[in-house]
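Q: Pasting the sequence and the predicted model now:
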Amino acid sequence: MRMRDPLSHLKTGGEGPFDTPRNSITGADMRLLFLTSLLIPLLAPSAAGQPGGGEEPLPSRSTETAATTIGGYGNALFQRDLNAEMSRMNFERFVLFVGHKFRSSLSLFSELEVEDAKVTGGESGGEFALEQAYLRFDLDRHNYFVAGLFLPRIGIMNEDHLPTGFNGNERTVVETYVIPSAWRELGVGYYGSLEGTPFSYSLALLNGLRAENFEHGSGIRMGRAEGRDAPADNLALTCALQFRAGNFLAQVSGYVGGTAGSTTHQADSLTLPSGPFGTPVMVGEASVQYEEGGDRVRMLGAVVSIPDAEGINRAYANNTPQKEYGLYAEIGYDLFTTISPSQQLIAFVRYERLDLNAVIPPNGIPDGTLDQHHLVVGLTYLPHPNVVTKLDVRFVRTGEPNPALIVDPGPAAVSYRTSNALVSIGIGFSF
């Protein structure tokens, strides 16, 4: 699932960070691994739900009766760009969820997404894609396997990104670029909890990224395969540990995966390390969430390390950094806590700090525009738990652009300004 770059109006050249990913090689070996991995959970007994923390739960049944559930979510917004002095309206996404419980221990979860209202051949923009499609095999109420296309547990919004569940019309910038949510890949995963403790955990084996698709200004986002011809010569491991006590939730998670995405011979010809974890990307994340009465608090920090960035740049000339980081803190208060418990009116403020070229290799080109500060203030009104209207203002400040990166901006291009403000009004729903 992709969102519009809130800084696209500041850029003076190059493609946007959310263009459709290019094709990648077929992963025959990974498909064989998936089929083999299914044999273990198929022998085990199960319960309902999904790794994403319950966005689209299936009905809880203790019998072997089959059940199908339909749900979904969507959002639309109006946005005014004060620098460009122009406005836009967009139905950003509509997602249809279909789940089916074959028996009490075996379920299917799937999501189809349409972005930007429509997809037309020969025109840029829009996307029709699978967001998730996986089988779940339950061992008991709290322990289960998943296999297929799913969202690994990393960050806050990757698993839980319903428009009714976050403040602001746009998702956080940190969890769009540093953690490329919604980050889904093909693989197998295990989710469990330590009985009698407040700890739960997850482990997953996934296909890797493709370094050749990394794009300057969008971090590792464009390297995702998203289920399409995923590179299976490179693999990735993710893990997460959660601690929950009442209304407090803390999490640490990590990712390490290869990005060469090619045969050993091809990687050698490009002087890139090959093998399952060759030319690695490493991501670390820590976050906390707290909700009590009218109080709402979210904080997250994430770091991306790409040790072989110099080799990637030499092979693909895509100006890949060695290190990126991002963090944000958000506080909010529900003004209707004591007035109308059936409704919510949340006033919030969020500060985001990120640098997508915090450390660059010797053959990289620095870009001050990727050193960013975002301050978002607004109101979130929920007349019903599944319906939301939002108003927010995003104040953006960046570093100066590097003239070496400006390629023929064109006579109508808007001059780059290091600060801007965007006003957004929108609606969202889930069902």
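A: In hand now; what should we look at?
Q: Tell me, what's the model's pLDDT at the residue sitting nearest the centre point of the chain?
A: By Cα atoms, centre = their mean, the chain has its centre lying nearest to residue 181, at 0.6 Å. Confidence at residue 181, expressed as pLDDT, is 92.
Q: Residue 266 now?
A: 81.
Q: who does the helix or strand residue 333 falls within touch, helix- and strand-wise?
A: Element membership of residue 333 [criterion: DSSP states H and E] is strand 323-334. The contact analysis (3 or more Cβ pairs under 8 Å, 6 or more residues apart in numbering; DSSP states H and E) places strand 323-334 against helix 174-177, strand 295-305, strand 344-359. (Glycine included, C-beta is placed from N, CA and C.)
Q: and the angle for it with strand 295-305?
A: Relative orientation of strand 323-334 versus strand 295-305 (axes from the mean of the first three to the mean of the last three Cα atoms, to 10 degrees): 170 degrees.
Q: Buried residues, strand 323-334. List them.
A: 323-328, 330-332, 334 (16 or more other Cβ atoms under 10 Å).
Q: again with stretch 303-313
A: Quick answer for stretch 303-313 (16+ other Cβ under 10 Å): 303-306, 308-313.
Q: Please apply the same query to stretch 401-411.
A: Buried residues in stretch 401-411, defined by neighbour count with 16+ other Cβ under 10 Å: 401, 405.
Q: avg pLDDT for that stretch?
A: The pLDDT scores in stretch 401-411 average 80.
Q: which residues touch residue 271?
A: 311, 314-315 (Cβ atoms under 8 Å, 6 or more residues apart in numbering).
Q: Three-state assignment for it, please.
A: When classified by DSSP: H, G, I helix; E, B strand; the rest coil, residue 271 comes out as coil.
Q: Quick check: it vs residue 157, distance?
A: Computed as Cβ to Cβ, to the nearest Å, the residue 271 to residue 157 distance reads 36 Å.
Q: same check, this time on residue 295
A: Distance from residue 295 to residue 157, by Cβ to Cβ: 20 Å.
Q: Among these two, which residue is more densely surrounded?
A: Each of residue 295 and residue 157 has its neighbours counted (other Cβ atoms under 10 Å); residue 157 has more, 24 against 13.
Q: correct me, but the more buried one touches residue 175?
A: Yes: using Cβ atoms under 8 Å, residue 157 is in contact with residue 175, at 4.5 Å.
Q: which residues do the two both contact?
A: Residues touching both residue 157 and residue 175 (Cβ under 8 Å, 6+ apart) are residue 181.
Q: rewinding a little: would you mind writing the CA trace of the strand holding residue 333 as PDB?
A: Listed next in PDB are the C-alpha coordinates belonging to strand 323-334 (Å, rounded to 0.1, in the frame of the first residue of the first chain):
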ATOM      1  CA  LYS A 323      22.400   4.800   6.800                       C
ATOM      2  CA  GLU A 324      18.900   6.300   7.300                       C
ATOM      3  CA  TYR A 325      17.000   7.000  10.400                       C
ATOM      4  CA  GLY A 326      13.700   8.400  11.500                       C
ATOM      5  CA  LEU A 327      11.800   9.000  14.700                       C
ATOM      6  CA  TYR A 328       8.500  10.600  15.800                       C
ATOM      7  CA  ALA A 329       6.500  11.400  18.900                       C
ATOM      8  CA  GLU A 330       2.800  12.000  19.100                       C
ATOM      9  CA  ILE A 331       0.500  13.100  21.900                       C
ATOM     10  CA  GLY A 332      -3.200  13.500  21.700                       C
ATOM     11  CA  TYR A 333      -6.200  13.900  24.000                       C
ATOM     12  CA  ASP A 334      -9.800  12.900  23.400                       C
END
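Q: Pull up the pairing partners for it, direction included.
A: According to DSSP bridges, strand 323-334 forms sheet pairs with strand 295-305 (antiparallel), strand 344-359 (antiparallel).
Q: name the element residue 69 belongs to?
A: strand 67-81.
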